[in-house]
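In: Sharing a sequence plus its predicted fold:
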Amino acid sequence: MNGLMMDYPLTIDTVMRRAETFFGGKEIVTRMPDKSFHRYNYRACMARAKKLAVALQKLGIKPGDAVGTLCWNHYRHFEAYFAIPVFGAVLHTLNLRLHAEDLIYIANDADDKAVIVDESLLPLLETFRGHIGAKDFIVITSSGKAPAGMHDYETLLSQANEADFEYLAFDENTAAATCYTSGTTGKPKGVLYSHRSMVLHSLAASLGDVLDVREADCVLPVVPMFHANAWGLPYAAAMAGPKLVFPGPHLDAASLLEDFEQEGVTVTAGVPTIWLGLLQTLDKDPKKYNVSKLRKLVVGGSAVPKSMIQSFQERHGLSILQAWGMTELSPLGTIAGLPSDLAHASADEQYEYRAKQGRPAPLVEIRSRGDNGLVPWDGQSMGELEVRGPWIASAYFNRPDAADRFTDDGWFKTGDIVTIDAIGCVKIQDRSKDLVKSGGEWISSVDLENLLMGHPDIAEAAVIAVPHPRWDERPLACVVRKAGSTVTAADLKAYLEPLVAKFWIPDGFEFIDEVPKTSVGKFKKMELRERFANYTFNS
Ligand code: AMP
């Protein structure tokens, strides 16, 4: 017997209506390219989103068509987040840090029919515009004048009539947005989110034990809107109704700290490299910025060193919440909020817990598989993390060759090697390709990196596996010293000795100027592996 509940479609228009109806007067602030602040509210924003939807349809965009965006985090990008999916088209956020070759592949794979682009990114667009199928280019200009053959965003909006907008009814499983994985090997793979998955993800993201986004908050997503929809924060915000602040292209520590102080930001989110820079600025002059309203820094995308959590907390009273996720997971998977059982544990135990990736969000299920089947949740046994849930990809777009990333019984294989403990807390040991296999034993490069980055003289550290005639592979630490430091390999070995098993201690330490980063700010170990491919250890 079926229940007698409404079959109410989970589509993005419900979020739009909620934002304009209940939070219409709440402010949306953007740091503009010239550093001035643009201010309006959710009501004005949704009215403009409707006009954009009308304008796109007038250009011939139809339900099912993809529309690319090549934009920083700002209010017009936020308008596109709603305008495109609300009539059944597909929002395709293009990563502005990719090379032209990848952008060509991605825009053509998604079959983008139009692209909305920031004026400052026109030079980037020109590197690939001639190689993609899109016909219409809509430029967000400051002058109101787009280059010949392109449309000006504001002019298009001024010619569209909000009264022509109509909320359509469609199936909640309709595609709403797409993002491509920033994979370091092979071609990027498209993940196609549905209205249903995005609505459920927004709901879960807002929960107290997930990202805890509330109406009274002020949210500033540092994470780019082209990186897994800024981790779903813009949609979660429209659902919960906080004040929203977009940093525009100004992602340097000083600009962000000014935004935090001036706008009273309470919740922010980004990858560890952003926060490492911020920490150094705060350390230099702890009294310069008043960031006392910040109650949560959500950090994910790469492992968060325990030392970083501790430094923010103890030196600046700022609380880091680590989350683990993937583009394929919309992206939220697990969150490391402290369980109440640990409320009275020692500070060190609490930091230990918060440096893990945490437990899954509601509706996300986890398991871990080793060579001999599922591995026990004992906090020791390593295996590949598999996940399933309503906002997790069931396949990649157009990629039957990648079907092996999904199990026969409907789970997604993450490629992350983890341990899971008795309470279901996940600890990422490595990406499967980054683990160091030494004499048949695994060494976690992530653990070594986090320990090294806890050394007071080290700014960044990346550990890679280097072939070794006797042990198969041995770890090589590529280390960036802090300015003025003369720390040596011997010092670092001595520092690690009491912290890890003897065989984990890297055989080599290379002092480098910077760890190369991916387009979303993660360590690009592939480049280090290539650079040190012929490395030989001295001993
Ligand atoms: P992306 O799809 O680009 O967001 O990359 C997803 C990958 O980033 C995951 O498979 C992990 O390897 C890594 N990752 C994300 N969050 C974390 C985290 N909190 N700790 C460690 N690795 C992470």
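Out: Yep, it's here. Numbers count the residues shown, from 1 in each chain.
In: Is Arg43 in a helix, a strand, or coil?
Out: For Arg43, the secondary-structure state derived from DSSP: H, G, I helix; E, B strand; the rest coil is helix.
In: Pop the domain breakdown of this structure in here.
Out: 12-251, 364-431, 436-531 (automatic domain parsing).
In: is the ligand contacted by the shortest one?
Out: Yes. Contact between domain 364-431 and the ligand, assessed by C-beta under 6 Å from any ligand atom, occurs at 414-416, 428, 431. Where you see a C-beta, it was placed from the backbone N, CA and C, and this is true even at glycine.
In: What residues does the residue of the stretch 351-500 of the chain found nearest the ligand make contact with?
Out: Of all residues in the stretch 351-500 of the chain, Ile428 sits closest to the ligand, with a separation of 4.2 Å (C-beta to the nearest ligand atom). If a contact means C-beta atoms under 8 Å, 6 or more residues apart in numbering, then Ile428 has 303, 324, 357, 385, 416-418, 446 as its contacts.
In: again, but for Gln310
Out: Tyr351.
In: what does this structure have sitting close to the ligand?
Out: Checking the chain against the ligand by C-beta under 6 Å from any ligand atom, the hits are 181-182, 228, 300-303, 322, 324-327, 331, 357, 414-416, 428, 431, 520.
In: re earlier: can you lay out the residues of domain 364-431 next to the ligand as CSV showing secondary structure and pLDDT?
Out: CSV is the format used below for the residues of domain 364-431 next to the ligand (DSSP: H, G, I helix; E, B strand; the rest coil; pLDDT from 0 to 100):
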residue, secondary structure, pLDDT
Thr414, strand, 97
Gly415, strand, 93
Asp416, strand, 94
Ile428, strand, 94
Arg431, strand, 85
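In: Neighbour-wise, which one of those residues leads?
Out: Looking at the residues of domain 364-431 next to the ligand with neighbours defined as other C-beta atoms under 10 Å, the largest count falls to Thr414 at 25 neighbours.
In: now the closest residue to it other than its chain neighbours, what's its secondary structure?
Out: Once its chain neighbours are removed from consideration, Thr414 has its nearest residue in Leu385; the separation is 4.5 Å (C-beta to C-beta, 6 or more residues apart in numbering). Here Leu385 takes the strand state, with states given by three-state DSSP.
In: The residues of the chain next to the ligand in helices, which ones?
Out: Secondary structure assignment by DSSP state H places Ala228 of the residues of the chain next to the ligand in helices.
In: Could you pick out the buried ones from the residues of the chain next to the ligand?
Out: 181-182, 228, 300-303, 322, 324-327, 331, 357, 414-416, 428, 520 (16 or more other C-beta atoms under 10 Å).
In: Filter those residues down to the ones in strands?
Out: 322, 324-325, 414-416, 428 (DSSP state E).
In: Tabulate those residues in JSON lines, adding columns for distance to Asp285.
Out: Rendered in JSON lines, the data for those read as follows (distance: C-beta to C-beta, whole Å):
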{"residue": "Gln322", "distance to Asp285": "26"}
{"residue": "Trp324", "distance to Asp285": "32"}
{"residue": "Gly325", "distance to Asp285": "33"}
{"residue": "Thr414", "distance to Asp285": "40"}
{"residue": "Gly415", "distance to Asp285": "41"}
{"residue": "Asp416", "distance to Asp285": "38"}
{"residue": "Ile428", "distance to Asp285": "34"}
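In: Which two of those have the greatest separation?
Out: Pairwise distances among these were taken by C-beta to C-beta; the largest, 19.0 Å, belongs to Gln322 and Gly415.
In: ok so, going back, among the domains of the chain, show the one with the smallest mean pLDDT.
Out: Mean pLDDT is lowest for domain 436-531 out of those, coming in at a mean of 92.
In: so where do the helices sit in the stretch 301-450 of the chain?
Out: All helices of the stretch 301-450 of the chain, identified by DSSP state H, counting those that start in this stretch, fall at 306-316, 347-354, 445-452.
In: How many neighbouring residues does Glu261 have?
Out: 16.
In: Okay, buried residues for whichever strand or helix holds it please.
Out: Using DSSP states H and E, the secondary-structure element containing Glu261 is helix 253-263. Taking 16+ other C-beta under 10 Å as the basis for neighbour counts, the residues of helix 253-263 that come out buried are 253, 256-261, 263.
In: Mean confidence (pLDDT) on it, please.
Out: The predicted model gives helix 253-263 an average pLDDT of 98.
In: for that helix, packing partners?
Out: Contact here means 3 or more C-beta pairs under 8 Å, 6 or more residues apart in numbering; DSSP states H and E; on that basis helix 253-263 packs against strand 27-31, strand 218-221, strand 243-246, helix 272-284.
In: rerun that using 10 Å as the cut-off
Out: Using 3 or more C-beta pairs under 10 Å, 6 or more residues apart in numbering; DSSP states H and E as the contact criterion, the neighbours of helix 253-263 among helices and strands are strand 27-31, strand 37-41, strand 218-221, strand 243-246, strand 267-270, helix 272-284.
In: what is the orientation angle of that helix with strand 27-31?
Out: Relative orientation of helix 253-263 and strand 27-31, computed by axes from the mean of the first three to the mean of the last three C-alpha atoms, to 10 degrees: 160 degrees.
In: residues in contact with Leu94?
Out: Residues in contact with Leu94, defined by C-beta atoms under 10 Å, 6 or more residues apart in numbering, are 68-71, 102-103, 106-107, 110, 112, 115-117, 121, 124-125, 128, 179-180, 226.
In: quick one on the thing from earlier: next, format the domains of the chain as JSON lines and append distance to Val267.
Out: Formatted as JSON lines, these follow (distance: least, C-beta to C-beta, whole Å):
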{"stretch": "domain 12-251", "distance to Val267": "5"}
{"stretch": "domain 364-431", "distance to Val267": "20"}
{"stretch": "domain 436-531", "distance to Val267": "19"}
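In: quick one on the thing from earlier: tell me the bridge partners for the residue of the stretch 351-500 of the chain closest to the ligand.
Out: When bridges are taken as DSSP bridges, the partners of Ile428 come out as Val418.
In: returning to that earlier point: which of the domains of the chain sits most buried?
Out: Per-stretch averages of neighbours, counted by mean count of other C-beta atoms under 10 Å, single out domain 12-251 among the domains of the chain, with a mean of 20.
In: Can you give the distance of that one from its chain's centre?
Out: A distance of 15 Å separates the centroid of the chain from that of domain 12-251, by C-alpha atoms, centre = their mean, to the nearest Å.
In: rewinding a little: for my notes, please list the helices of the stretch 301-450 of the chain in JSON lines and give distance to Phe246 for each entry.
Out: JSON lines is the format used below for the helices of the stretch 301-450 of the chain (distance: least, C-beta to C-beta, whole Å):
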{"stretch": "helix 306-316", "distance to Phe246": "23"}
{"stretch": "helix 347-354", "distance to Phe246": "28"}
{"stretch": "helix 445-452", "distance to Phe246": "31"}
